[in-house]
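Visitor: Only the shape, not the letters, is given here:
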């Protein structure tokens, strides 16, 4: 399901990530739903999750965060 998660975002020219569609994230910090129209920046946690870092890691290394599910 990481592919659905990645497709839900578009990278902005400034390096931030714009959310186009909601994705449910389930991990150790509990569930969180991304909100369309919200911009996520690397290093800025949302409900304990660094969404932008996950996207960058997947884009560069094709790795998924451990212990996290995307629905």
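Guide: Alright, I've got the coordinates. Treat the numbers as computed from the prediction; the structure is a model and nothing was measured.

Visitor: Would you mind listing the residues in contact with residue 33?
Guide: 22-25 (C-beta atoms under 8 Å, 6 or more residues apart in numbering). For every residue, glycine as well, the C-beta is placed using N, CA and C.

Visitor: Need the per-residue pLDDT for it.
Guide: You'll see residue 33 listed with a pLDDT of 96.

Visitor: do the same with residue 16
Guide: 98.

Visitor: same deal with residue 43?
Guide: 97.

Visitor: what do you get for residue 24?
Guide: At residue 24, pLDDT is 96.

Visitor: distance of it from residue 43?
Guide: Relative to residue 43, residue 24 is positioned 23 Å away (C-beta to C-beta, to the nearest Å).

Visitor: These two - which one has more neighbours?
Guide: residue 24 (14 against 7; other C-beta atoms under 10 Å).

Visitor: Let me see the contact set for that one.
Guide: The contact partners of residue 24, taken as C-beta under 8 Å, 6+ apart, are 31-33, 70-71.

Visitor: go on, residue 21?
Guide: Contacts of residue 21 by C-beta under 8 Å, 6+ apart are 7-8, 36.

Visitor: Check which helix or strand it maps to.
Guide: Using DSSP states H and E, residue 21 falls within no helix or strand.

Visitor: What backbone torsions are found at it?
Guide: Main-chain torsions, residue 21, degrees, to the nearest 10: phi -150, psi 150.

Visitor: Identify, from the contacts of residue 33, the entry nearest to residue 59.
Guide: The nearest member of those to residue 59, counting by C-beta to C-beta, is residue 23 at 15.8 Å.

Visitor: Now that closest one. Its backbone dihedrals?
Guide: Torsion angles, degrees, to the nearest 10, at residue 23: phi -140, psi 140.

Visitor: Good, wrapping up.
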